[in-house]
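> Quick one: sequence and predicted model below, then my questions.
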Amino acid sequence: DDGVFSIIAAEGDPAPGRAGDFVGFGLVNPNANGQVVFTAVESSDVTAKGYWLVDPTVPGSLELVAYEETPAPGLPLGTEFDTLNVPFHLGDSGLFAFNAIVSPGTGACFTKSAGSAVSVFLKEGDSVGGTPITPERIADPPTINDSDTVAIFTEYDGSDRRGLLLHGQVGSLSLLARENGSTPVAGTTYERVFNPSTITNAGVVTFVAELQGGGGFSDNDRVLVQGTPGSTSVVLREGDAAPGLAGVEIVDFRGTFRNDADQLAIHVVLRGAGVNASNDEAIYTGTPGDLELLVRTGDVLPDLTNGISSLFAEGISPNGRVLLRAGFGSTGGEGYWRSDNEGGFDLLLRDARVIDLDPDPVGEDLRTIRETFMRADSPGNDGAFDSISDDGRAVLRCKFNFPSSANGTSGIVVVETEREPVSLCAADFDGDGVVDLGDFGLFGASFGTSAGDPLYNPDVDLNQDGEVDLGDFGAFGAEFGRTDCFGQGL
């Protein structure tokens with residue numbers, strides 16, 4: 001309930017660089033400097049989609065990056081963007097990296113910074129360390145850190161599941177891991193490697209892999225690996241004991257995020273004593289070798305009465321706060337929470353809640369959330385495809401319960417999760433967002449006093465006449481019971 005909301009684009013707004021208006025939005029991606037990239041469809045060609053880049057603090061900065069069925073720069077004349085892939089990645093330096101399928105059906109990776117042109121930096125036929133790659137098989141874009149070091153998953157030899165991870169600066173990539181290559185576990189090779197989860201500003205990459213060799217594996221072939229080219233180690237391995245859960249083991253890894261303090265948020269699948277379909281997933285946080293259970297399916301989160309049915313780590317901030325997406329209820333509702341570093345969570349927003357999108361503290365533009373979509377693919381300071389930036393911005397695509405004939409039925413919403421909220425209720429004396437008995441106690445302690453008295457409190461002198469009297473009591477009574485003092489309904 002610490003979120004502060006603003007909207008940066010809405011249905012019906014003109015789509016810069018195109019002939020039409022926005023009619024729908026896809027994934028969104030913030031960075032720590034406030035810039036945002038998002039996908040959208042505009043009315044002049046609803047069969048295609050595009051990327052837009054914006055700095056919400058700079059009026060008029062919204063610009064088109066690329067749109068499907070338009071020329072792809074840096075490639076032979078006549079080559080067009082067939083499919084702009086998602087997710088994509090906006091680094092804190094402002095470098096936006098994405099991959100696309102271009103005509104006639106091959107793949108390439110591109111970069112773009114604000115005010116600069118789009119350029120291609122990796123395409124079919126390129127080689128790394130003498131190994132030809134086939135970028136049409138790139139499933140995800142590069143992860144990027146603050147110095148624009150990237151990690152990329154691709155395939156080689158043109159055959160299925162021949163994966164390798166590349167690492168380095170754009171234009172100077174080297175091999176991090178490859179299938180059938182050496183691993184940090186003696187006597188084994190990689191059977192499969194998967195796209196990198198994170199890259200820190202120190203260049204440390206975290207990724208999931210499967211091992212082979214060493215006498216064969218049955219229940220411990222999946223590993224979570226960290227490192228740089230030539231120096232890798234295992235963080236966790238299938239079959240490891242689940243910290244804090246007696247008789248329970250880790251069986252799989254679903255997603256990992258890492259910040260520059262080497263704090264991790266790891267989504268795992270569990271097996272063992274007492275584990276069933278209602279509690280078999282969990283998120284651990286901490287540093288390698290010192291992990292603690294943060295949340296597990298079945299746990300009850302703030303503003304819910306029953307246990308959550310699903311969970312997903314969406315990122316970890318520089319101070320170690322984890323952004324959590326969780327499912328709840330029989331109708332498939334979802335919500336977003338942020339850990340508080342004390343073992344608990346704060347609600348940001350969830351389906352069926354009301355938020356105020358008016359940037360004016362005394363104005364009001366209330367919307368009821370019908371659906372929320374995150375997966376914002378933000379780098380944070382971990383270089384990962386997460387959804388929260390270094391300074392606490394989370395960016396979501398929301399659908400609202402609003403007349404379908406009106407603009408604003410969906411939009412891109414920025415939640416500033418680290419900013420302290422400001423109460424809009426004069427009688428919310430303790431600033432907790434509600435006017436309740438706690439505020440009444442503060443009012444009663446000063447009732448009957450006037451300016452100059454030791455117990456006089458100017459905050460409860462609501463009409464500012466120098467006396468706390470029945471006039472102030474009437475004003476307090478008019479607000480007593482309000483729960484929307486942060487203007488967000490959370």
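Happy to help now that I have it. Residues are numbered from 1 along each chain as shown.
> Next, count neighbours for residue 79.
By the measure other C-beta atoms under 10 Å, the count of residues near residue 79 is 17. C-beta: built from backbone N, CA, C; applies to glycine.
> what residues does the longest strand along the chain touch?
Criterion DSSP state E: the longest strand present in the chain is strand 248-258. Residues outside strand 248-258 that contact it (C-beta atoms under 8 Å, 6 or more residues apart in numbering) are 197-198, 200, 204, 206, 208, 219, 222, 224, 226, 236-242, 264-275, 281, 312-313, 315-316, 322, 380, 382, 384, 386.
> following that strand, which helix or strand shows up next?
strand 264-272 (DSSP states H and E).
> Among the contacts of strand 248-258, name the buried ones.
Among the contacts of strand 248-258, those scoring as buried are 197-198, 200, 204, 206, 208, 222, 224, 226, 236-238, 240, 242, 264-270, 275, 281, 312-313, 315-316, 322, 380, 382, 384, 386 (criterion: 16 or more other C-beta atoms under 10 Å).
> ok, back up a step: list the buried ones in the longest strand of the chain?
By 16+ other C-beta under 10 Å, the buried positions in strand 248-258 come out as 248, 249, 250, 251, 253, 255, 256, 257, 258.
> any low-confidence regions in the stretch 251-400 of the chain?
331, 352-353, 357-362, 370-398 (pLDDT under 70).
> any idea how far residue 9 lies from residue 24?
Distance of residue 9 to residue 24, given as C-beta to C-beta, to the nearest Å: 11 Å.
> what residues do those two have in common as contacts?
residue 40.
> so of the contacts of strand 248-258, which ones are in strands?
Short answer: these in strands (DSSP E) are 198, 206, 208, 222, 224, 226, 236-237, 264-272, 281, 312-313, 315-316, 322.
> Let me see the ranges of the strands in the stretch 1-150 of the chain.
For the stretch 1-150 of the chain, the strands defined by DSSP state E, counting those that start in this stretch cover 5-10, 22-30, 36-42, 50-54, 63-67, 81-84, 89-90, 96-102, 106-112, 119-123, 127-128, 131-132, 143-144, 149-155.
> closest one to residue 468 among those strands?
Distance to residue 468, taken as C-beta to C-beta, is lowest for strand 5-10 among the strands of the stretch 1-150 of the chain, at 34.3 Å.
> sec struct for residue 441, please.
Under DSSP: H, G, I helix; E, B strand; the rest coil, the three-state class of residue 441 is helix.
> Mind listing the residues bridging to residue 100?
Here residue 100 sits in beta bridges with residue 84, residue 108, going by DSSP bridges.
> what pLDDT does it get?
Predicted confidence (pLDDT) at residue 100: the value is 86.
> What is the burial count for it?
24.
> can you check residue 326 too?
23.
> The helix or strand hosting it vs strand 264-272, what angle?
Assigned by DSSP H and E, residue 326 belongs to strand 322-328. If you take axes from the mean of the first three to the mean of the last three C-alpha atoms, to 10 degrees, strand 322-328 sits at 40 degrees to strand 264-272.
> which helices and strands sit right next to strand 322-328?
strand 281-287, strand 290-296, strand 310-316, strand 333-339 (3 or more C-beta pairs under 8 Å, 6 or more residues apart in numbering; DSSP states H and E).
> now with 6 Å?
Here strand 322-328 touches strand 310-316, strand 333-339, going by 3 or more C-beta pairs under 6 Å, 6 or more residues apart in numbering; DSSP states H and E.
> Strand 290-296 and the first one, what's the angle between them?
Relative orientation of strand 310-316 and strand 290-296, computed by the same axes, to 10 degrees: 130 degrees.
> what distance separates strand 310-316 from the centre of its chain?
Taking the mean of its C-alpha atoms, strand 310-316 sits 8 Å from the chain's own mean (C-alpha atoms, centre = their mean, to the nearest Å).
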